[in-house]
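Undergrad: Make a model of this:
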Amino acid sequence: MFPLVLVLVLLFMLFLTPGFVLIIALIVTLAFIVILALTPHPHPCPCSNVGAISSLTLPDDLHEEGTAMDAESPEAETFDAERAGALDLVVTWYSIASGLGKPTLPTSKCAHEATQLPQTVDQPEKVARSVVTHSAAYVAAAVQQLRALEHLVGPDLVLVGWTVTRTLVEHCSRVIWLLDPDATPTGRLARWYMELITSAQMMRLSAKTMRDKASASEAKALREKVLGDARRTFPDIALFENVKDLDEWSVGGEPNAGLGHAVRLLGNLISTHGLYDVLSGFTHPSIFRLQKQTVSVAHDGYDYKSYYAEPDVVRWQFAVSCTSIYLAAHTILDYLDLDTTPLEEWADRHPDLLSWTKMTAEP
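TA: Residues are numbered from 1 along each chain as shown. Here you go, the predicted model:
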C-alpha cells in the first residue's frame, strides 16, 4: 500500500512543476530506495559451513526426527590433508605414466603372457601391451576425476562428490578386472575384446538413439574391426544388442563384468563391501537419501533446508577415490614388473587415505 501512495504523491507533485518540488520528489525517491534496500526479506542467508547450498523447502511430512535434517551445522572444514594427499597422488601418477612407454621388460607378466596367447592372435606382444595401454587410459581418466573432487571441496557443491567418486571408481574397476592376476592369458584376451566391443557398441547405440548417423557408422566400423580380430580366436562370439544383456554376455567361456560386478571386485580389495550399492544409492534420485544429506536452517520464522555433507563422508570419498587409483596403478606396474616405489612412498606419506575405507562402513 505504501509504494502505491508514494507513487500517487510523486505524480501529483510532478504536476506542480516548480523546481523545488522536483528536487523534493527526487529526495523522497532516493529515501524510498534506501528504505527498500535496508528492509529485511524472508530469504535464507547462505551458510558458510561445508555442505550448505541453495535452500530447499520441504513439506513438513518429509521431516524426520533424529536425522541429519535436525542437526546443527558444524564449523566449516577445509580437508587440507585429504586435498594434499589427492594432489600428491596426481603428481605421483604423472611420474609413473611418463615411464609406461618404455619397452616391455622380458621379466614381466605382460611379456610372459604374450608367449602364451593362441597362435591365431596377430602380433601377440602388441596385443598384450594394448591391454596395459587401455588400462592406463582408465587410470589417467580417474586421476582427472580426482583433481575434480579436490576442486569441489567447499560449501557450494556438496552433492557432486558422490558422482565424481562413482565415476572414478568405475574407471579404476575396469583395470582391476582387465589385469586380474588370476585371469588366464586367453581369458584376459577375451576380457580385452569384450571391453573394446562394449565401448564401440555402446557408442553406436547412443548415436542411433540420437539419430547421429555419422557417429553410428563410425562406431559400427570400430566394432566390426574388433569383432573381426576377436573371431580369429573366438569364432563363436556373439554380439549383445541391449545393455541389459551385458551381465549375461561371455566370450570364449569368459564372463563379462558389468559395472556393478567390476566395482564389487574393487570393493572387496579395499575392504568396502557393497561399494557399488553405496555409490549407486547416493547418485540416483532418492528423496530419503537427500533427506540424510539435509539440515534445517531457521531464518525469520521460516524453516529452510540446506544440503550438507558430513565431514566423514567427504573423507570417505577421498579415501575411496585415492585407494582405487592406488590399486589400479599398482596393478599396472605389477603386470609390467615396474618399480612400485613411487606408490609406496605416497602411501607412507598419506596412510589415512588407505586405512580410512577399512575403518568405516557405509557413509
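
Undergrad: Any figure for the gap between residue 132 and residue 270?
TA: Per CB to CB, to the nearest Å, residue 132 is found 22 Å from residue 270. Backbone N, C-alpha and C define where each C-beta goes, glycine included.

Undergrad: do residue 139 as well
TA: In this view, residue 139 and residue 270 are 15 Å apart by CB to CB.

Undergrad: Those two: which is more packed in?
TA: Legend: neighbour count by other CB atoms under 10 Å for residue 139 and residue 270, higher for residue 139 (26 against 19).

Undergrad: what's the next secondary structure element after the strand or helix carrying the more buried one?
TA: Using DSSP states H and E, residue 139 sits within helix 124-152. As assigned by DSSP H and E, the chain's next helix or strand after helix 124-152 is helix 160-178.

Undergrad: for that following helix, packing partners?
TA: Contact analysis of helix 160-178 by 3 or more CB pairs under 8 Å, 6 or more residues apart in numbering; DSSP states H and E lists helix 124-152, helix 185-209, helix 259-269, helix 275-283, helix 311-336 as its packing neighbours.

Undergrad: Give me the contacts around stretch 328-335.
TA: For stretch 328-335, contacts defined as CB atoms under 8 Å, 6 or more residues apart in numbering pick out 93, 96, 100, 108-110, 132, 135-136, 138-139, 142, 171-172, 175-176, 179, 181, 339-340, 343.

Undergrad: make it 7 Å
TA: Stretch 328-335 is contacted from outside by 93, 96, 108-110, 132, 135-136, 139, 142, 172, 175-176, 179, 340, 343, using CB atoms under 7 Å, 6 or more residues apart in numbering.

Undergrad: which among those end up buried?
TA: 93, 96, 108-110, 132, 135-136, 139, 142, 172, 175-176, 179, 343 (16 or more other CB atoms under 10 Å).

Undergrad: before we move on, the earlier item: next, the angle from the helix holding residue 139 to helix 311-336.
TA: Interaxial angle, helix 124-152 versus helix 311-336 (axes from the mean of the first three to the mean of the last three CA atoms, to 10 degrees): 160 degrees.

Undergrad: Could you pull out the buried residues of helix 124-152?
TA: Going by 16+ other CB under 10 Å, helix 124-152 has these buried residues: 124-125, 127-129, 131-132, 134-136, 138-143, 145-146, 148-150, 152.

Undergrad: contacting residues around the closest residue to residue 223 other than its chain neighbours?
TA: Nearest residue to residue 223, sequence neighbours excluded (CB to CB, 6 or more residues apart in numbering): residue 200, at 3.7 Å. Residues in contact with residue 200 (CB under 7 Å, 6+ apart) are 219, 222, 223, 226.

Undergrad: Provide a list of residues in contact with the residue nearest the centre of the chain.
TA: Geometric centre of the chain, nearest residue: residue 164, 1.5 Å, by CA atoms, centre = their mean. Going by CB under 7 Å, 6+ apart, residue 164 touches 145, 148, 149, 152.

Undergrad: rerun that using 8 Å as the cut-off
TA: 145, 148, 149, 152, 317, 321.

Undergrad: Show the pLDDT at residue 37.
TA: pLDDT recorded at residue 37 is 46.
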